[in-house]
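Enquirer: only the shape, not the letters, is given here:
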Ligand SMILES: *Cc1c(COP(=O)(O)O)cnc(C)c1O
């Protein structure tokens, strides 16, 4: 049996079957290039779903993480640690947000945000003002509460009873939001570019109106940047493209560069809502993960973010000339390729693997989330594989 067959057999015997996996086992990677157990090479246009923001095993990130790993790998949140405070300071300085709570994942970050919005409202207005408006087609996570927050019916089955208090409004429709806004609402939570929902950007005018409505009614505006955050869209956070000041911003995926880390960032209105024991986690703010985050945040200066935008433009221009491509949605290095001629995104992704590119789907679109420091040679090689895959459709 080949290495791959052995791994697959073991996986099927012992790992819960919650994932439909591709018939590939990745062994190692460097930059945007990885190899399977037969030595076949792939250009990674997926970053482990937006996680490896600096690609595989970036030298600076590895050295920051391993230095911390061999110094102090963990101590409880009962004590101060340096990497956690450094990462929080950088996040605040670079975003204008005021305080940071570290968690371990996107869903957990959103849970923290929802708890904070509800406590803010409870303390100020008392009971009964606890609903959260989210958008139709959104994705906010897999816990029982964040599934309820997710505005897609396919996620609302089996696991009843779901957490109460979520209402869904159509995206980019300000009247729908106004209709949902009554005295029982404490927060609006949304992604600025719906990721899992199909790389669907919100209109700037709509987002500005939502912000104004939230301000007027003292409703907490939560922006879920689990996928769009940490440089992905060419700004450190996507809300900086939209010229808004959210009350809470959540992120995860790219902030750890490959280690499990998420965070909730609080603005002026929300920075003091949580006091000791209102919210906590054992692993959150782990020194190793936050040492990596500190390195990543220091790397993402104006020049770096400018390159993310330039690389996004470069890729868009080339992809638009490829067969069956109708258009591209998204910002920076978050791209959703609209396909024509009834071609299925999953078929393109399967073909992409054959030609040596790791691609993603997002509903009907082919989604690309390359490492943010991908080199132009790597881009060209990955695009070649994408073009071949599209050509076969
Ligand atoms: C991936 C994602 C989540 C969930 O993150 P996990 O780390 O898988 O819990 C939440 N919101 C958005 C927008 C995401 O893309």
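Expert: Arrived safely. Since we're looking at a predicted model, the values are computed, not measured.
Enquirer: contacts and neighbour counts: CA atoms only from here.
Expert: Noted.
Enquirer: up against the ligand, what does the stretch 151-300 of the chain have?
Expert: Applying C-alpha under 6 Å from any ligand atom, we find that the stretch 151-300 of the chain lies next to the ligand at 191, 195, 224-227.
Enquirer: any chance of these in TSV, with pLDDT, neighbour count and secondary structure too?
Expert: Listed next are those as TSV, based on pLDDT from 0 to 100; neighbours: other C-alpha atoms under 10 Å; DSSP: H, G, I helix; E, B strand; the rest coil:
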residue	pLDDT	neighbour count	secondary structure
191	98	27	coil
195	98	26	coil
224	99	30	strand
225	98	30	coil
226	98	30	coil
227	98	29	coil
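Enquirer: which residues in the stretch 201-350 of the chain form helices?
Expert: With DSSP state H, counting those that start in this stretch as the criterion, the stretch 201-350 of the chain has helices at 204-216, 239-242, 287-299, 302-319, 345-355.
Enquirer: residues of the first one that come out buried?
Expert: Right, the one you point to is helix 204-216. By neighbour count on 16 or more other C-alpha atoms under 10 Å, the buried set for helix 204-216 is 207, 210-211, 213-214.
Enquirer: one more: the third one?
Expert: Residues of helix 287-299 classed as buried by neighbour count (16+ other C-alpha under 10 Å): 287-297, 299.
Enquirer: check the shortest one too.
Expert: Burial within helix 239-242, assessed by neighbour count using 16+ other C-alpha under 10 Å, is assigned to residue 239.
Enquirer: how about residues contacting that helix?
Expert: 95, 192, 204, 207-208, 223, 235, 245-246 (C-alpha atoms under 8 Å, 6 or more residues apart in numbering).
Enquirer: same check, this time on the last one
Expert: Under the criterion C-alpha under 8 Å, 6+ apart, residues 22, 42, 339, 358-366, 385-386, 388-390, 392-393 lie in contact with helix 345-355.
Enquirer: which parts of the stretch 101-250 of the chain are strands?
Expert: 131-135, 166-169, 185-190, 193-194, 200-201, 220-224, 248-251 (DSSP state E, counting those that start in this stretch).
Enquirer: OK, contacts around the residue nearest the centre of the chain?
Expert: Central residue of the chain (C-alpha atoms, centre = their mean): residue 227, 1.6 Å from the mean position. Residues near residue 227 by C-alpha under 8 Å, 6+ apart: 50, 195, 251-254.
Enquirer: repeat that for 10 Å
Expert: Taking C-alpha atoms under 10 Å, 6 or more residues apart in numbering, we find residue 227 in contact with 49-51, 106, 191-196, 233, 237-238, 250-255, 334, 369.
Enquirer: same check, this time on residue 333
Expert: Counting by C-alpha under 10 Å, 6+ apart, residue 333 touches 45, 50, 228, 231-234, 307-313, 315-316, 367-372, 374.
Enquirer: at 8 Å what do you get?
Expert: Counted by C-alpha under 8 Å, 6+ apart, residue 333 has contacts 232-234, 308-309, 311-312, 368-370, 372.
Enquirer: what separation do you get for it and the ligand?
Expert: Distance, residue 333 to the ligand, by C-alpha to the nearest ligand atom, to the nearest Å: 14 Å.
Enquirer: pLDDT wise, what is the closest residue to that residue other than its chain neighbours at?
Expert: Closest residue in space to residue 333, ignoring its immediate chain neighbours: residue 312 at 5.0 Å, by C-alpha to C-alpha, 6 or more residues apart in numbering. The score at residue 312 is 98. That number is its pLDDT.
Enquirer: hey, where'd the helices end up in the stretch 51-200 of the chain?
Expert: 59-69, 82-95, 106-125, 144-149, 174-180.
Enquirer: how about residue 144, nearest residue that isn't a chain neighbour?
Expert: Per C-alpha to C-alpha, 6+ apart, closest to residue 144 is residue 162, 5.8 Å.
Enquirer: can you check residue 185 too?
Expert: Leaving aside its sequence neighbours, residue 185 is closest to residue 131 (4.4 Å, by C-alpha to C-alpha, 6+ apart).
Enquirer: list the residues that contact residue 60.
Expert: Applying C-alpha under 8 Å, 6+ apart, the residues near residue 60 are residue 295.
Enquirer: do residue 112 as well
Expert: Residue 112 touches 264, 279, counting by C-alpha under 8 Å, 6+ apart.
Enquirer: and this structure, what are its domains?
Expert: 3-57+302-391, 72-299 (automatic domain parsing).
Enquirer: out of the ones you listed, indicate the one that is most buried.
Expert: domain 72-299 (a mean of 20; mean count of other C-alpha atoms under 10 Å).
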